[in-house]
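**Student:** any chance you could fold what I've pasted below:
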Amino acid sequence: MMKKSQIKNLMVSAMLLKAHADTTVATNTGASHGGTLFSDGVRLVYSREIEFKALPIMRFSQFATEKTELGVEPGLTISMLTYDNLKLGGALEEMQDMSTQALSGSMKQITVQEHGNAVSNSELLIQSSFDDIMATTTTLLGRDYAMVMDCELRDVALSGTNIVYAGGKASRNLITATDKLQVATIKDAIEVLATNNAPKYANAYWICFVHPHQSRDLRDDSAWINASNYGAPEQLFNGEIGRIDDTRFIETTLMCNGKASTTDPAYKADLVKGAGEEGAKNAVDIFQAVIFGDQYYGLAWSLPVELRDNGVEDFGRKRSLAWYAIWGTGLLHNDYGVVIETA
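**Tutor:** Got it, this is the predicted structure:
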């Protein structure tokens with residue numbers, strides 16, 4: 001008797017064979033050359049699957065202020081309008097006309113550019129492998145897309161000019177091994193945000209991205225509440241590990257630091273122990289975190305991510321898949337975020 005997994009594999013194989021036999025091919029050129037291509041339906045499924053597989057990995061994109069502009073402006077830029085806070089109102093006097101004020105704001109120009117990555121598989125590998133090579137390829141491409149997106153948004157978030165150093169230190173080179181991320185450091189950063197009248201995310205929370213090395217120290221504090229122990233049910237963000245008062249913490253290994261290997265996406269040369277100018281070299285490896293409110297950084301889309309094949313290659317002996325998108329990122333309100341540096 002066949003197992004359920006075997007029956008499932010046979011059904012998948014049958015669907016793939018049907019798709020390969022489908023006369024609706026990706027291009028007319030592919031049909032005339034007789035190559036083996038995906039039908040439009042199969043490509044659509046894979047295109048949606050690549051974004052679906054990327055979502056659980058992505059952290060920064062869930063807090064970006066997004067705008068989609070399918071027809072970009074000249075120069076490949078997308079304009080994002082941001083507004084300043086109103087001047088405070090006050091008490092009114094009877095029969096006195098209420099004074100009005102004009103809205104003030106500014107246009108932030110975000111330049112979009114192409115992003116993508118590709119994988120090639122031989123037809124022999126696809127046909128002889130016991131694994132679903134094409135499904136595995138979409139998974140890996142989805143992870144790659146998520147990493148590229150998050151790293152770019154991370155760099156934008158860390159480009160803010162408001163910086164708080166652990167232990168109340170005045171500069172990076174004065175940070176010592178004992179200057180870990182503590183609640184006092186978070187409060188110092190929140191003081192900067194509150195002074196700048198930064199709006200909270202969803203009008204309720206500050207969002208703080210930390211490295212696991214930093215969150216380890218926070219977890220020992222009595223004020224720490226694990227995400228699994230929240231008293232009231234609420235939607236957790238991707239990567240959320242806990243909160244302290246009105247600050248919710250997102251953990252990711254992508255936060256820049258000097259301890260990571262040079263091949264790690266989190267590696268940053270100027271955070272390494274001993275880096276810096278003479279007389280102001282880092283005493284320890286530095287770890288960066290960032291805390292921000294709403295509308296701190298933006299993500300502008302010109303073309304949402306999609307999966308693309310490369311048509312007929314080498315008489316159908318090779319299949320190439322790639323993720324491709326056109327987007328841009330940028331800082332919208334520098335005052336709405338604070339970079340934190342710790343040991």
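**Student:** tell me the secondary structure at the one residue sitting closest to the centre of the chain.
**Tutor:** Using CA atoms, centre = their mean, the residue of the chain that lies closest to the mean C-alpha position is residue 150, 2.9 Å off. Going by DSSP: H, G, I helix; E, B strand; the rest coil, the secondary structure assigned to residue 150 is helix.
**Student:** in this structure it contacts residue 63, no?
**Tutor:** No: taking contacts as CB atoms under 8 Å, residue 150 lies outside contact range of residue 63: 11.2 Å. Yep, even glycine has a C-beta here, placed from its N, CA and C like the rest.
**Student:** neighbouring contacts of stretch 210-226?
**Tutor:** Here stretch 210-226 makes contact (CB atoms under 8 Å, 6 or more residues apart in numbering) with 180-183, 186, 241-245, 249-253, 255, 257, 259, 266, 287-289, 342.
**Student:** and the nearest residue to residue 342 once chain neighbours are set aside, what pLDDT?
**Tutor:** In space, and not counting its chain neighbours, residue 342 is closest to residue 166: 3.9 Å by CB to CB, 6 or more residues apart in numbering. Here, the pLDDT recorded for residue 166 equals 95.
**Student:** residue 166 and residue 57, how far apart?
**Tutor:** Here the criterion is CB to CB, to the nearest Å. By it, residue 166 lies 28 Å from residue 57.
**Student:** when these two are compared, which one has more neighbours?
**Tutor:** residue 166 (25 against 18; other CB atoms under 10 Å).
**Student:** picking that back up, just checking, the residue nearest to residue 342 touches residue 185?
**Tutor:** Yes: Residue 166 lies in contact with residue 185 (CB under 8 Å); the separation is 4.9 Å.
**Student:** which residues do these two both contact?
**Tutor:** 340, 342.
**Student:** picking that back up, so what's the residue nearest to residue 342 up against?
**Tutor:** Contacts for residue 166 (CB under 8 Å, 6+ apart) come out as 175, 179, 180, 181, 182, 185, 340, 341, 342, 343.
**Student:** same check, this time on residue 110
**Tutor:** 77, 78, 79, 80, 298, 300, 328, 329, 330.
**Student:** count the neighbours of the fifth one for me.
**Tutor:** Translated: residue 298. Counted by other CB under 10 Å, the residues lying close to residue 298 total 22.
**Student:** ok, the second one next?
**Tutor:** The local packing count at residue 78 equals 23, with neighbours defined by other CB under 10 Å.
**Student:** so what's it closest to, chain neighbours aside?
**Tutor:** The spatial neighbour of residue 78 that comes closest, neighbours along the chain excluded (CB to CB, 6+ apart), is residue 300 at 3.9 Å.
**Student:** report all helices and strands that the helix or strand where the one you found lies contacts.
**Tutor:** Assigned by DSSP states H and E, residue 300 belongs to strand 297-309. With contacts defined as 3 or more CB pairs under 8 Å, 6 or more residues apart in numbering; DSSP states H and E, strand 297-309 has these neighbours: helix 40-54, strand 65-68, strand 77-83, strand 105-111, helix 133-157, strand 318-331.
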